[in-house]
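*Asks:* Need coordinates for the below:
(one chain, ligands or ions: 2)
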Amino acid sequence: MKVTDSIQYIKGVGPKKKAELNRLGIVTVYDLLTYFPRTYEDQSVLTRISDLRAGEQQTISGIITKLQERQGGRRGMTILTALISDGSGFLQVTWFNQNYLKKQLQVGRRIFVTGRASYAFGGRGQFAMSQLSSFQILTEEEDAAAQCGIQPVYPATERLNQKFFRKLLKEALAADVELPEVLPVAVCRQYHLMARREALATIHFPKDFTALKAARRRLAFEELYLIQCGLILLKQKLQQSAKGIRHGADGVLLQRVEKSLPFALTHDQDGAWQDIRQDMERDLPMRRLVQGDVGSGKTVIAMLALVKTVENGCQGAMMAPTEILAEQHYESFCRQLQPFGIRISFLSGRLTKKQREAVYQEILRHETDIVIGTHALIQEEVHFHRLGLVVTDEQHRFGVAQRTALEKKGDCVPDVLVMTATPIPRTMTLTVYGDLDVSLIRELPPGRKPIRTFVRRPDRRPLIYRYVHSQLEEGRQAYVVCPLIEMDEESKLPSAEEIYDELRYGIFQDMPCGLVHGRMRPADKEAVMEAFYQGDIKLLVSTTVIEVGVNVPNASIMVVEHADRFGLSQLHQLRGRIGRGSYASYCILVSEGKTQQARERLNIMEKTADGFQLAEEDLRLRGPGQFFGSMQHGLPDLKIADVLKDSDILIEARKAALESLRRQEDLAFVLPILELQYQEQFRHITES
Ligand code: ADP
Ligand code: MG
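*Replies:* Ligands and ions are numbered 1, 2, ... in the order given. Alright, predicted model coming up:
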């Protein structure tokens with residue numbers, strides 16, 4: 001059997017089960033083998049019933065001595081109760097509405113039960129368990145075999161239970177599946193990695209915890225190693241496939257532009273700029289990420305780099321993730337650069353077909369020097385005359401694939417500068433941006449007033465908004481951010497639209513208010529943003545569309561409704577919209593704070609303004625799944641590795657990838673595997 005064969009060839013999988021498994025994304029034998037256990041139960045450590053402790057997760061094994069069935073509850077639930085004895089005492093176990101168990105539950109059968117014990121009331125036995133985390137009723141033969149030990153626990157569904165998965169994986173592992181090694185021999189040997197077949201068998205049915213750990217390490221290593229290989233090859237491919245552009249040393253134009261800046265660069269800005277300038281003056285194409293918190297001044301760095309490419313007779317492109325942001329960059333670049341005769345164009349999906357075609361012509365004929373736009377820049381029709389530098393702003397909104405598409409727009413490989421405000425922890429940078437060199441901007445420009453942040457309950461809203469009103473009277477502007485656009489029946493949360501109405505017909509009836517959200521027509525959205533930018537709108541109610549980049553220095557106050565709905569990093573990005581001028585700024589997070597965790601989480605916002613620290617907290621509290629999810633990084637999902645906990649393995653895997661790609665035989669070995677497993681993400685490596 002091949003790993004790519006359908007699961008239907010495995011014993012025990014009929015059409016019904018197949019459909020169920022498919023729903024979980026398990027289509028091939030390989031999908032099944034990599035359906036890794038969520039956790040394990042150590043049934044080798046059984047608790048005697050007489051030793052059970054209330055409130056703790058424990059596993060017992062015993063014989064069913066008595067069974068009872070009754071109807072109960074308002075809707076007439078079926079309640080099955082079994083009394084279980086292990087010789088030391090009795091445990092009462094209850095199942096609700098699980099009629100199908102009636103056949104299996106027989107007096108005299110052995111059962112393993114894992115769950116949280118509580119004190120029983122009524123009935124016999126001191127302890128009871130109802131919401132079991134798992135149980136396994138053994139057949140007579142199974143009991144005879146008395147198999148126990150460490151048992152895998154799978155992400156199960158209503159119709160596919162633990163017992164089914166355990167049996168199915170035993171079948172799959174016993175079937176004669178071809179399982180070719182995917183790591184080069186040298187790597188396995190050097191890093192003492194378990195063989196693949198053994199690792200897959202062990203991860204499902206470990207004989208002890210030492211073996212389990214070794215198997216996990218091997219599989220996580222494999223995953224991270226292959227992704228690192230993909231990223232490194234992507235970088236090499238782009239650097240080698242064509243010659244890069246060798247930019248000359250800074251000339252007069254750049255010096256004049258630098259001198260015209262209204263401020264001096266901060267130390268970190270200067271550091272990033274030096275890195276970029278050196279990269280640009282090399283033969284190899286630049287592949288650099290500038291990571292800097294919101295407001296740290298990344299735009300000016302991008303501008304200088306673009307001027308440098310223009311000075312060298314090339315064109316530059318800058319891609320922003322939203323219309324508004326692209327527009328804003330366009331305006332500020334025009335203001336700064338047109339006095340020096342630099343020609344700037346704007347390209348977005350919002351332009352009419354005719355306007356767009358005119359811009360395509362300008363680009364092709366080199367009648368423009370810098371093009372700023374949205375992803376309209378990566379359309380087929382866009383051809384540059386001589387593209388020297390590509391900047392993508394707020395890269396986490398673009399996948400690797402989109403980024404690469406723009407890089408392929410010229411004859412020579414252009415230099416690439418990626419800017420992000422998503423402060424991801426150091427080791428994670430390697431996973432997400434393993435194909436880029438990194439410059440960090442840690443400090444903010446001088447003279448920033450710190451933003452003061454407060455968490456408040458909804459019953460304080462009248463007070464909060466009265467305060468906002470007084471700030472508007474003093475000439476400031478304010479943002480009100482809401483998680484939802486329209487009324488949502490389910491969550492019962494008031495929407496942006498409702499809050500907008502509440503405010504503009506209520507306390508802010510004497511103030512010009514505006515509403516902006518992602519579902520408005522781009523032109524309408526633009527008009528509202530423009531009015532806010534010009535100060536014609538004082539209070540702007542919005543969804544997270546304002547998250548990225550918008551710069552209105554006069555806005556000094558922000559209220560976030562239902563703040564618990566947002567991640568910390570996202571709140572931090574939102575908060576970055578204020579505190580951009582010389583006024584004291586305030587961010588008020590409105591939240592019920594129903595749970596301890598929700599309160600703790602938001603309180604961190606009051607205490608720290610460090611985006612990196614917040615990102616780490618976010619990761620710790622929400623887990624990498626959600627954190628990564630919101631980043632749309634375009635990399636494969638990690639099935640087993642954990643970017644936070646496995647940073648040691650990640651560092652080893654990256655080292656291994658760098659070393660082994662230098663060996664011809666390893667490279668030849670890895671390429672087809674990447675193509676097979678990650679063709680979607682890394683197709684640019686193999687494409688010519
Ligand atoms: P971000 O890194 O979030 O993109 P911006 O580039 O939009 O930040 O910069 C935020 C603000 O800081 C802008 O108004 C910009 O003019 C200003 N700024 C940037 N660098 C400096 C500096 N070195 N000194 C003072 N102000 C600066
Ligand atoms: Mg920016």
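*Asks:* Tell me where the stretch 101-250 of the chain has helices.
*Replies:* Listed in chain order, the helices of the stretch 101-250 of the chain (DSSP state H, counting those that start in this stretch) span 101-104, 140-145, 162-174, 185-190, 196-204, 209-240.
*Asks:* buried ones in the shortest one?
*Replies:* Neighbour counts over helix 101-104 (16 or more other CB atoms under 10 Å) mark no residue as buried. Every C-beta, even on glycine, is put in place using the N, C-alpha and C of the backbone.
*Asks:* what's the host helix or strand of residue 559 in contact with?
*Replies:* Using DSSP states H and E, residue 559 falls within strand 555-560. Contact partners of strand 555-560, identified using CB atoms under 8 Å, 6 or more residues apart in numbering, comprise 464-465, 468, 471, 476-481, 532, 540, 566, 571, 574-575, 577-581, 583-590.
*Asks:* Now with 7 Å, please.
*Replies:* 464, 468, 471, 476-481, 571, 574-575, 577-578, 581, 583-590 (CB atoms under 7 Å, 6 or more residues apart in numbering).
*Asks:* And the helices of the stretch 101-250 of the chain: which comes nearest ligand 1?
*Replies:* helix 209-240 (24.4 Å; CB to the nearest ligand atom).
*Asks:* which helices and strands does the longest strand out of those in the chain pack with?
*Replies:* Taking DSSP state E as the criterion, the chain has its longest strand at strand 57-72. Using 3 or more CB pairs under 7 Å, 6 or more residues apart in numbering; DSSP states H and E as the contact test, the elements touching strand 57-72 are strand 77-85, strand 110-116.
*Asks:* can you do 8 Å?
*Replies:* For strand 57-72, the elements it packs on are strand 77-85, strand 90-96, strand 110-116, judged by 3 or more CB pairs under 8 Å, 6 or more residues apart in numbering; DSSP states H and E.
*Asks:* out of these, nearest to ligand 1?
*Replies:* Once the helices and strands packed on strand 57-72 are compared by CB to the nearest ligand atom, strand 110-116 is nearest, at 47.6 Å.
*Asks:* Report all helices and strands that that closest one contacts.
*Replies:* By 3+ CB pairs under 8 Å, 6+ apart, strand 110-116 packs against strand 57-72, strand 77-85, strand 90-96, strand 127-129, strand 132-137.
*Asks:* With mean pLDDT, distance to residue 498 and mean neighbour count as new columns, can those be given to me in JSON lines?
*Replies:* As requested, the helices and strands packed on strand 110-116 are exported to JSON lines (pLDDT from 0 to 100; distance: least, CB to CB, whole Å; neighbours: other CB atoms under 10 Å):
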{"stretch": "strand 57-72", "mean pLDDT": "87", "distance to residue 498": "42", "mean neighbour count": "16"}
{"stretch": "strand 77-85", "mean pLDDT": "89", "distance to residue 498": "39", "mean neighbour count": "18"}
{"stretch": "strand 90-96", "mean pLDDT": "88", "distance to residue 498": "39", "mean neighbour count": "20"}
{"stretch": "strand 127-129", "mean pLDDT": "81", "distance to residue 498": "45", "mean neighbour count": "22"}
{"stretch": "strand 132-137", "mean pLDDT": "75", "distance to residue 498": "41", "mean neighbour count": "18"}
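*Asks:* residue boundaries of the strands in the stretch 351-500 of the chain?
*Replies:* When assigned using DSSP state E, counting those that start in this stretch, the strands of the stretch 351-500 of the chain occupy the ranges 370-373, 387-393, 415-420, 437-441, 451-456, 477-481.
*Asks:* tell me the contacts of residue 582?
*Replies:* Residue 582 sits in contact with 447, 449, 553, where contact means CB under 8 Å, 6+ apart.
*Asks:* hang on, the earlier thing: which of the helices and strands packed on strand 110-116 sits closest to residue 331?
*Replies:* strand 132-137 (57.8 Å; CB to CB).
*Asks:* Any chance of the helices and strands packed on strand 57-72 in TSV with distance to ligand 1 as columns?
*Replies:* Listed next are those as TSV, based on distance: least, CB to the nearest ligand atom, whole Å:
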stretch	distance to ligand 1
strand 77-85	56
strand 90-96	53
strand 110-116	48
